[in-house]
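Trainee: Give me a 3D structure for the following:
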Amino acid sequence: MAATHSTNARIPKLWLVTDRHATVGRDLVATVTRALDAGLPAVQLRDKDLSGRAIFALAERLRAATARTGALFVVNGRADVARAVGADGVQLGSTTLPVDAVRAVAPGLIVGESVHDVETAAASRADFVVFGPVHDTPSKRSFGPSQGEARLRDAAARTPAPLLAIGGMDATNAATALRAGAYGVAVIRAILAASDPAAATRELLRCIDAPQLAG
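Mentor: From the prediction side, this is the model:
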């Protein structure tokens, strides 16, 4: 199922993907809250190394923070946790349930899919696709070599759903990714490791709002 126009309208163009190890010693939720207060429109809870109980507890805190500002909130791989905390959606990958299976058990959730090659992106039935890593980044090296901007351009052209670029994305290259055809970008360290997460968020939003002028 390709994403519909109404679904596109619900997908923000900037996402923060969590990694509590990237916050340079700061509390993850406090850091995310600073970004939310600066206008961050969407958060994906990733932190795959946490136990089910721990991920639920963190999801509850992040759901409360995102609900306060109206930001979208999705949980990586766990439709059960997403439904339990009232999240907006779930982010799937190659080791999770398929998109259609999650829609069958959780029909109210937005479903995203993380993909690492052009063919999988083009065949995705998700509401949005996260494609990468576009550039080299520590958190994505286990998924293979960086795709580069040429493959990003190809994936964006062939993918029916909104496509977000991930992997080394920051204010220096976000506009370039959008000009290559990406619908938006997903970042980790660009916000979580920034000395001022709020300022970093505002700069990313500026680059995304006017990609022809930025970069």
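Trainee: CA atoms for contacts and neighbours, from now on please.
Mentor: Will do.
Trainee: Which stretches in the chain count as helices?
Mentor: Assigned helices in the chain, in chain order: 5-10, 28-37, 52-69, 79-85, 99-105, 118-123, 148-158, 174-179, 189-192, 197-209 (criterion: DSSP state H).
Trainee: Low-confidence stretches in the chain?
Mentor: For the chain, the stretches with pLDDT under 70 are 1-9, 137-144, 213, 215.
Trainee: One more pass at 80, please.
Mentor: 1-9, 136-147, 211-215 (pLDDT under 80).
Trainee: ok now do Ile11, which residues does it touch?
Mentor: For Ile11, the contacting residues are Phe128, Pro162, by Cα atoms under 8 Å, 6 or more residues apart in numbering.
Trainee: With adjacent residues omitted, what lies nearest to Asp136?
Mentor: With sequence-adjacent residues excluded and distances taken as Cα to Cα, 6 or more residues apart in numbering, Asp136 is closest to Ser146, at 5.4 Å.
Trainee: Asp117 is in contact with that neighbour, correct?
Mentor: No - counting by Cα atoms under 8 Å, Ser146 does not reach Asp117; the two are 10.0 Å apart.
Trainee: Touching both of those two, which residues are there?
Mentor: Common neighbours of Ser146 and Asp117, using Cα under 8 Å, 6+ apart, are Gly132.
Trainee: count of residues packed around the residue nearest to Asp136?
Mentor: The number of residues packed near Ser146 is 19, by other Cα atoms under 10 Å.
Trainee: Could you measure from it over to Gly184?
Mentor: Using Cα to Cα, to the nearest Å, Ser146 is found at 18 Å from Gly184.
Trainee: now Ala87
Mentor: Distance, Ala87 to Gly184, by Cα to Cα: 21 Å.
Trainee: Looking at the two now, which is surrounded by more residues?
Mentor: Each of Ala87 and Gly184 has its neighbours counted (other Cα under 10 Å); Ala87 has more, 25 against 22.
Trainee: which ones are touching the more buried one?
Mentor: Contact partners of Ala87, counting by Cα under 8 Å, 6+ apart, are Arg63, Leu72, Phe73, Val74, Val75, Leu109.
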